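Engineer: Have a look; sequence and predicted model below, questions after that.
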Amino acid sequence: MNTAVVLFTSDLRLHDHPPLRAALGAADDVVPLFVRDDGIEAAGFSPPNRTAFLADCLTDLDEGLRDRGGRLVVRSGDVVEEVRAVAREAGAGGVHMAAGVSAYAHAREERLRLALEEDGRTLRVHDAVVTALAPGAVVPSGSDHFAVFTPYHRRWSQEELRGVLAAPRTIRVPDGLRSEPVPSREDVEKAGGVSDGLARGGEREARKRLNAWARGGLARYDERHDDLAGDATSRLSPHLHFGTLSPGEAVHRARAVGGPGAEGFVRQVCWRDFHHQVLAARPASATADYRGRHDRWRSGGRADADVRAWKAGRTGYPVVDAAMRQLRHEGWMHNRGRLLAASFLTKTLYVDWRVGARHFLELLVDGDLANNQLNWQWVAGTGTDTRPNRVLNPVRQAHRYDPEGSYVRRWVPELEDVEGSAVHEPWKLPDAVRARLDYPDPIVDLADGLARFRHAREAG
Ligand code: FAD
């Protein structure tokens with residue numbers, strides 16, 4: 001009787017799961033294992049929103065395995081030591097897992113490979129599980145990764161993605177292996193800090209959302225994706241982050257529907273792969289400028305007060321404040337809101353992108369090292385944007401992407417009685433009306449912010 005271990009990390013699903021398929025093909029018994037990794041928790045990478053969503057994902061994964069005759073084995077501790085111990089206890093010949101892209105994931109793979117080899121076991125790392133196309137699968141001549149999105153997208157679109165793998169029907173897990181209880185969302189919520197409007201996690205939830213999306217919103221995604229109030233994007237990002245949905249399957253599904261909406265959506269999934277291949281090739285870009293620019297970002301004193309106002313959604317720019325409050329309330333923010341909030345912090349306030357990225361990572365349920373850090377860098381102009389000095393004007397953007405002001409009124413109740421697009425410029429309201437609003441004056445003049453940024457760029 002031979003046995004294999006499948007280590008689940010950012011791939012918490014049964015459908016389209018190459019490591020699980022390979023393990024089932026190679027062994028009679030399989031141990032589906034999740035390790036609550038000390039290393040990730042010590043790095044502060046398990047804030048309440050993602051921990052709560054993760055609990056849903058693990059509960060659902062365990063149920064999915066039980067429906068097929070198996071169960072999830074959960075352990076906590078050092079991931080390498082735990083995998084090694086489980087492999088020994090189960091007498092497994094090998095371990096299967098998905099390839100990761102971060103420096104941490106690469107180090108984990110290497111440590112695990114060495115530890116297993118010492119015990120005479122093998123580690124098989126599978127590509128194209130957490131991304132649709134593996135990082136490095138397409139590269140430009142003379143480099144190990146694409147630094148510009150458009151040529152990457154062109155090449156990526158020409159590649160044939162592997163077919164979608166069905167979920168296995170049965171899984172046999174050896175008896176007698178110790179498992180900790182699967183963490184529950186309720187327990188995480190009791191510990192505090194979870195956003196009230198946080199979405200539910202889990203593969204079933206992901207598949208429901210994908211099905212509804214493919215039948216509904218996808219067709220008009222190209223026209224509606226920037227409509228802040230319309231909320232017309234897929235909201236699949238946490239599922240792609242935790243791997244309860246396979247990015248490859250999302251692409252196949254959208255392509256089967258076809259049309260401009262599907263094309264626009266697939267392009268965004270390609271952005272996800274793009275940032276993952278940048279991080280895989282340049283792991284330091286999680287914390288250091290991708291393109292060194294020697295900024296002397298503002299900090300201390302007035303700048304710290306500005307950051308506090310930005311985090312609290314009290315900058316006096318209603319669309320920025322609405323976005324920041326959506327983040328706190330839902331643990332998620334519309335992409336247009338993310339662009340505006342990040343541009344406001346890094347350009348108008350000229351504060352280091354890492355300050356904003358850290359705050360997003362604390363709250364975002366889809367908070368992702370590749371997507372978050374590299375999107376922040378893109379907006380800050382230290383990343384892969386080919387127009388690094390563009391500055392988004394939050395007032396003009398608000399009129400364009402929230403023309404009726406509904407998004408602002410939804411998230412900034414102090415302004416809910418201000419009608420129409422006047423809500424975007426409350427400083428223009430008559431004094432008597434303004435005096436009744438418990439809403440701050442703008443913390444910065446946009447022209448001053450722009451001049452400060454331009455001056456810094458010229459000096460830099
Ligand atoms: P849709 O519009 O439906 O897009 C489909 C999928 O494509 C998304 O689920 C996502 O996986 C991917 N995608 C869309 N836009 C991008 C993009 N610009 N870059 C990379 N992938 C994209 N996305 C994250 O998943 N995690 C993050 O931590 C994150 N941080 C961000 C920080 C900033 C400052 C900015 C500007 C963007 C960030 N994004 C991040 C990208 C994007 O905002 C979200 O992926 C998107 O808003 C998620 O909503 P959705 O699933 O409805 O997206």
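Structural biologist: Cool, got the structure.
Engineer: CA only for contacts and neighbour counts going forward, please
Structural biologist: OK.
Engineer: Have a look at the protein and report its longest strand.
Structural biologist: Looking across the chain with DSSP state E, the single longest strand is strand 29-37.
Engineer: what's the next secondary structure element after it?
Structural biologist: Heading C-terminal from strand 29-37, the first helix or strand you meet, by DSSP states H and E, is helix 38-42.
Engineer: Let's test this: mean pLDDT of that following helix, rounded?
Structural biologist: Summarised as a single mean, pLDDT over helix 38-42 is 83.
Engineer: go on, stretch 72-91?
Structural biologist: pLDDT averaged over stretch 72-91 gives 97.
Engineer: hang on, the earlier thing: run through who's touching the longest strand of the chain.
Structural biologist: The contact list for strand 29-37 (C-alpha atoms under 8 Å, 6 or more residues apart in numbering) reads 1-9, 23-24, 71-79, 82-83, 90, 171-174.
Engineer: let's see 7 Å
Structural biologist: Here strand 29-37 makes contact (C-alpha atoms under 7 Å, 6 or more residues apart in numbering) with 2-9, 23-24, 72-79, 171-174.
Engineer: Just the buried ones from those, in ChimeraX syntax?
Structural biologist: Under the burial definition 16 or more other C-alpha atoms under 10 Å, those of these that qualify are selected in ChimeraX by:
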select :3,4,5,6,7,8,9,23,24,72,73,74,75,79,171,172,173
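Engineer: Of the contacts of strand 29-37, which belong to helices?
Structural biologist: Taking DSSP state H, the ones among the contacts of strand 29-37 that sit in helices are 23-24, 79.
Engineer: could you dump those residues to TSV with distance to H241?
Structural biologist: Shown next, in TSV, are the ones in helices among the contacts of strand 29-37 (distance: C-alpha to C-alpha, whole Å):
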residue	distance to H241
A23	23
L24	25
V79	20
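Engineer: Identify, from the residues you listed, the entry nearest to the ligand.
Structural biologist: Nearest to the ligand out of the ones in helices among the contacts of strand 29-37 is V79 (C-alpha to the nearest ligand atom; 23.5 Å).
Engineer: What count of nearby residues applies to the closest residue to the closest one other than its chain neighbours?
Structural biologist: Spatial nearest neighbour of V79, chain neighbours left out: D37 (5.3 Å); criterion: C-alpha to C-alpha, 6 or more residues apart in numbering. For D37, the number of neighbouring residues by other C-alpha atoms under 10 Å comes to 17.
Engineer: Tell me which helix or strand comes right after the longest helix belonging to the chain.
Structural biologist: Secondary structure of the chain per DSSP H: the longest helix is helix 259-281. Where DSSP H and E defines the elements, the next helix or strand beyond helix 259-281 is helix 301-312.
Engineer: And that next one, what's buried?
Structural biologist: Across helix 301-312, burial judged by 16+ other C-alpha under 10 Å covers 306-307, 309-311.
Engineer: Stretch 353-365 too?
Structural biologist: Buried-residue list, stretch 353-365, by 16+ other C-alpha under 10 Å: 353-354, 356-357, 360-365.
Engineer: And for stretch 267-284?
Structural biologist: Under 16+ other C-alpha under 10 Å, the buried positions of stretch 267-284 are 267, 269-283.
Engineer: CA atoms only for that stretch, dumped as CSV, please.
Structural biologist: Extracted as CSV, the C-alpha positions of stretch 267-284 are listed here (Å, rounded to 0.1, in the frame of the first residue of the first chain):
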residue,chain,number,x,y,z
ARG,A,267,-7.1,40.4,-19.3
GLN,A,268,-7.5,41.2,-15.5
VAL,A,269,-6.6,37.6,-14.6
CYS,A,270,-3.6,38.0,-16.8
TRP,A,271,-2.6,41.1,-14.8
ARG,A,272,-2.7,38.8,-11.8
ASP,A,273,-0.3,36.3,-13.5
PHE,A,274,1.8,39.3,-14.6
HIS,A,275,2.4,40.5,-11.1
HIS,A,276,3.1,37.0,-9.9
GLN,A,277,5.8,36.5,-12.6
VAL,A,278,7.4,39.8,-11.5
LEU,A,279,7.4,38.8,-7.9
ALA,A,280,8.7,35.3,-8.7
ALA,A,281,11.6,36.8,-10.6
ARG,A,282,12.2,39.8,-8.3
PRO,A,283,11.2,38.6,-4.8
ALA,A,284,12.7,41.8,-3.3
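Engineer: and it, what's its mean pLDDT?
Structural biologist: What stretch 267-284 shows for mean pLDDT is 98.
Engineer: Likewise for stretch 136-154?
Structural biologist: Taken as a whole, stretch 136-154 has a mean pLDDT of 97.
Engineer: can you list contacts of it?
Structural biologist: The contact list for stretch 136-154, computed with C-alpha under 7 Å, 6+ apart, reads 155-156, 270, 274, 277-278, 281, 384.
Engineer: With distance to the ligand added, can I get these in a markdown table?
Structural biologist: Listed next are the contacts of stretch 136-154 as a markdown table, based on distance: C-alpha to the nearest ligand atom, whole Å:
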| residue | distance to the ligand |
| --- | --- |
| R155 | 17 |
| W156 | 14 |
| C270 | 7 |
| F274 | 7 |
| Q277 | 11 |
| V278 | 11 |
| A281 | 16 |
| T384 | 11 |
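Engineer: if we can go back for a sec, show me what the longest helix of the chain is packed up against.
Structural biologist: helix 221-224, helix 247-257 (3 or more C-alpha pairs under 7 Å, 6 or more residues apart in numbering; DSSP states H and E).
Engineer: Highest mean neighbour count out of these?
Structural biologist: helix 247-257 (a mean of 19; mean count of other C-alpha atoms under 10 Å).
Engineer: contacts for that helix?
Structural biologist: 131-132, 161, 164, 214, 240, 262, 266.
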